[in-house]
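**Q** predicted structure and sequence below. I'll ask about it afterward.
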Amino acid sequence: MDLAGTLTIVGMVVVFAALIILALAISLLGKAININKNAIAEKAASNAIKTDIVNTGAANTQSQISNQDDKELIAVITAAIMASMKGSSDFKIRVKSFRRIPDNSPEWNIAGKLTTINANIIR
Amino acid sequence: MEEIFVGFMNLGIKQIIMFLIGGILIYLAIEKDYEPMLLLPIGFSTILVNLPLSSVLEYEGAPGVLRILFDAGIATELFPVLIFVGVGAMIDFTPLFVNPSMIFFGAAAQFGIFATIVLCILLGIDDLKLAASIGIIGAADGPTAIFVASKFAREYLGPITVAAYSYMSLVPLVQPPVIRALTTKKERMIRMDYKDVKVSRTVKILFPIFITIISGIMAPISVPLVGLLMFGNLIRECGVLERLSKAAQNELSNIVTILLGITIGSTMTADAFLKTTTLLILLAGLAAFIFDTAGGVIFVKILNLFRKNKINPMVGAAGISAFPMSSRVIQRMATKEDPTNFILMQAVSANVAGQLGSIIAGGIILSLVPLLVG
């Protein structure tokens, strides 16, 4: 009985200690890597500002995204791209603009597509 | 003439009972879907080894095929260790990096292992090694249970493995009543904030290497367990060994699982299985899962006494290693109380921590028990 008691106390203490060390290690590891990343990001940001100044003229020709609906749509498009990349955190993408492509499909095709989409939503 | 009926002459009531037990295991695997990958081979092997003069164990003085597999794969711990490579390649530790604090619940829910060891001693099992092997059912982690039992209580490997895998399948039935008994409706409705943190690939790669070194220093005997699990995980996360990662997850795991199941079943002979200790193992295994759940829930409730941002105590119960059953059960319970409450991600983090915690607990038992027994 004494041995089992000792095993319980020592065992639980060691399990906690080991996992606390791991939690600390994970936090420190994450922080250390973030510090490095921030430094790299700062460098990249300063370079980006420079190129923005150079490309101001070209940027004006792109469609401007101002209203709230478009921002939501951009968020959805970004999420869809990220999902198609299986949520990998190694790629950082930012959707800046989008252009609608006119839908020239025949009416029956559009109706078919809508039926399929609605059927999926209901399911 | 006698030689023709030699099979009938050696068939006893014990063997027939074992056929029934084998049949029940096969039934549970197929009809109830209780861990079919392990229970079906174990069930069939139970029938195989209990056939009269079973030649899969011994034939004309020479070891039979299952005895050879046992000596090569279980006695040397090769099979469980190979399974760990596959398991490592399957585990995604990302939820743990997102919520490192959840790691504590992975430790608290290991309480069941140690509480069951004490219970076994109280119930009259004098051998600490056997008690520890029964307690490890509470790790809710099949390969760890097999690994520890194959070192400390080889003759009870069959019942211990069957109990471990059966109760893992029964988590959706075992955990909810215990959680409900220990928590109020208000506590079960506690909402928790979730922050989505991006985890860099470097962290994911360094993690298995760090863990191997830390656990190797803290509990050297756990290296085959943790080391090969982390090797599997490194293959997965390194990003350049996709083929090997898939091979470890599929081909390696599948082949070893077939061999492991049928070999473990070879320990289920009538003489070894039909003992009161087997009944004790099955009951104590259930107790281990109940203690695990209670340990996790009570730990969170104690933490909540000192915290401003309360944690949903059900998350503590997800600290067992049965992944992803336990976290799913917790989310289902949370949704039942409040359909808009989502604690799945926190529960998954605790669940992944539990996978790690159970292996560390297994390693500690392997180190401590021989020291205590002397």
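**A** That came through fine. Residues are numbered from 1 along each chain as shown, chains lettered A, B, ... in the order given.
**Q** so what's the residue count around whatever residue of the stretch 101-250 of chain B ends up closest to chain A?
**A** Residue nearest to chain A within the stretch 101-250 of chain B (CB to the nearest CB): B:Phe114, separated by 3.8 Å. Quick note: C-beta positions are derived from backbone N, CA and C, even for glycine. Per other CB atoms under 10 Å in any protein chain shown, the neighbour tally for B:Phe114 reads 27.
**Q** I'd say it and B:Ile134 touch.
**A** No. Using CB atoms under 8 Å, B:Phe114 makes no contact with B:Ile134, being 11.7 Å away.
**Q** any stretches of chain B with poor pLDDT?
**A** B:1-2 (pLDDT under 70).
**Q** contacts only, for the most centrally placed residue in it.
**A** Against the mean C-alpha coordinate of chain B, by CA atoms, centre = their mean, the closest residue is B:Asp141 at 1.6 Å. Residues counted as contacts of B:Asp141 (CB atoms under 8 Å, 6 or more residues apart in numbering or on different chains) are B:Ala164, B:Ser321, B:Ala322, B:Gln355, B:Ser358, B:Ile359, B:Gly362.
**Q** so which helix or strand takes in the closest residue to the first one other than its chain neighbours?
**A** Spatially, and ignoring its direct neighbours in sequence, B:Ala164 is nearest to B:Ala145 (4.0 Å; CB to CB, 6 or more residues apart in numbering or on different chains). With elements delineated by DSSP states H and E, B:Ala145 resides in helix B:142-152, which encompasses its position.
**Q** packing partners of that helix?
**A** helix B:78-90, helix B:128-135, helix B:157-169, helix B:344-373 (3 or more CB pairs under 8 Å, 6 or more residues apart in numbering or on different chains; DSSP states H and E).
**Q** show me how chain A divides into domains.
**A** A:1-61, A:65-123 (automatic domain parsing).
**Q** ok, B:Ala139 touching B:Phe111?
**A** No. Counting by CB under 8 Å, B:Ala139 does not reach B:Phe111; the two are 11.4 Å apart.
**Q** quick one: buried residues of the host helix or strand of B:Ile26?
**A** If you go by DSSP H and E, B:Ile26 is part of helix B:13-31. Using 16 or more other CB atoms under 10 Å in any protein chain shown as the test for burial, helix B:13-31 gives B:Gln15, B:Met18, B:Phe19, B:Ile21, B:Gly22, B:Leu25, B:Ile26, B:Leu28, B:Ala29.
**Q** reformat the residues you listed as JSON lines; add distance to chain A.
**A** Formatted as JSON lines, those follow (distance: CB to the nearest CB, whole Å):
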{"residue": "B:Gln15", "distance to chain A": "36"}
{"residue": "B:Met18", "distance to chain A": "32"}
{"residue": "B:Phe19", "distance to chain A": "37"}
{"residue": "B:Ile21", "distance to chain A": "30"}
{"residue": "B:Gly22", "distance to chain A": "33"}
{"residue": "B:Leu25", "distance to chain A": "31"}
{"residue": "B:Ile26", "distance to chain A": "35"}
{"residue": "B:Leu28", "distance to chain A": "31"}
{"residue": "B:Ala29", "distance to chain A": "31"}
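**Q** between these, which is closest to B:Ile125?
**A** Each of the buried residues of helix B:13-31 was checked against B:Ile125 using CB to CB; the closest is B:Ile21, at 22.1 Å.
**Q** surely that closest one is in contact with B:Met268?
**A** Yes. Counting by CB under 8 Å, B:Ile21 touches B:Met268, with 7.4 Å between them.
**Q** quick check: neighbours shared by those two?
**A** In contact with both B:Ile21 and B:Met268: B:Thr46, using CB under 8 Å, 6+ apart.
**Q** what lies in contact with the helix or strand following the helix holding B:Ile26?
**A** Downstream of helix B:13-31, the next assigned helix or strand under DSSP H and E is helix B:36-49. The contact list for helix B:36-49 (CB under 8 Å, 6+ apart) reads B:18-19, B:21-26, B:28-30, B:54, B:56-57, B:66, B:142, B:158, B:161-162, B:165-166, B:257-258, B:260-266, B:268-269, B:273.
**Q** ok, stretch B:194-214 next?
**A** With CB under 8 Å, 6+ apart as the test, stretch B:194-214 has contacts from A:18, A:21-22, A:25-26, A:29-30, A:33-34, A:37, A:89-90, B:88, B:93-94, B:97-98, B:223, B:226-227, B:230-231, B:233-234, B:237-239, B:342, B:345-346, B:356.
**Q** run the chain-centre distance for it.
**A** Counting by CA atoms, centre = their mean, to the nearest Å, stretch B:194-214 is centred 24 Å from the centre of its parent chain.
**Q** buried set for it?
**A** Using 16+ other CB under 10 Å as the test for burial, stretch B:194-214 gives B:Val199, B:Ser200, B:Val203, B:Lys204, B:Ile205, B:Leu206, B:Phe207, B:Pro208, B:Phe210, B:Ile211, B:Thr212, B:Ile214.
**Q** which of those residues fall in helices?
**A** B:Val203, B:Lys204, B:Ile205, B:Leu206, B:Phe207, B:Pro208, B:Phe210, B:Ile211, B:Thr212, B:Ile214 (DSSP state H).
**Q** okay if I get those as CSV plus distance to B:Tyr194?
**A** Compiled in CSV, those are given as follows (distance: CB to CB, whole Å):
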residue, distance to B:Tyr194
B:Val203, 19
B:Lys204, 20
B:Ile205, 25
B:Leu206, 25
B:Phe207, 21
B:Pro208, 25
B:Phe210, 25
B:Ile211, 25
B:Thr212, 30
B:Ile214, 28
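**Q** residues of chain A that sit close to chain B?
**A** In this structure, chain A approaches chain B at residues A:1, A:3-8, A:10-12, A:14-16, A:18-23, A:25-27, A:29-30, A:33-34, A:37, A:89-90, judged by CB under 8 Å from any CB of the partner chain.
**Q** swap in 6 Å and give it another go.
**A** Within chain A, the positions adjacent to chain B are A:1, A:3-4, A:7-8, A:11-12, A:14-16, A:18-19, A:23, A:25-27, A:29-30, A:33, A:89-90 by CB under 6 Å from any CB of the partner chain.
**Q** any of the residues you listed buried? List them.
**A** Counted by 16+ other CB under 10 Å, the residues of chain A next to chain B give A:3-4, A:7-8, A:11-12, A:14-16, A:18-19, A:23, A:25-26, A:29-30, A:33 as buried.
**Q** just the helices and strands packed on helix B:142-152: most buried one?
**A** Burial of these is given as mean neighbour count (mean count of other CB atoms under 10 Å in any protein chain shown); helix B:128-135 ranks first at a mean of 27.
**Q** close to chain A, is that helix?
**A** Yes. For helix B:128-135 and chain A, the contact criterion (CB under 6 Å from any CB) is met by B:Leu128.
**Q** now do that helix against helix B:157-169, angle only.
**A** If you take axes from the mean of the first three to the mean of the last three CA atoms, to 10 degrees, helix B:128-135 sits at 30 degrees to helix B:157-169.
**Q** just give the nearest non-adjacent residue to the residue of the stretch 101-250 of chain B closest to chain A, would you?
**A** A:Thr8 (3.8 Å).
**Q** tell me which element the residue of chain A found nearest chain B falls in.
**A** Closest to chain B within chain A is A:Thr8: 3.8 Å, counting by CB to the nearest CB. According to DSSP H and E, A:Thr8 maps onto helix A:2-54.
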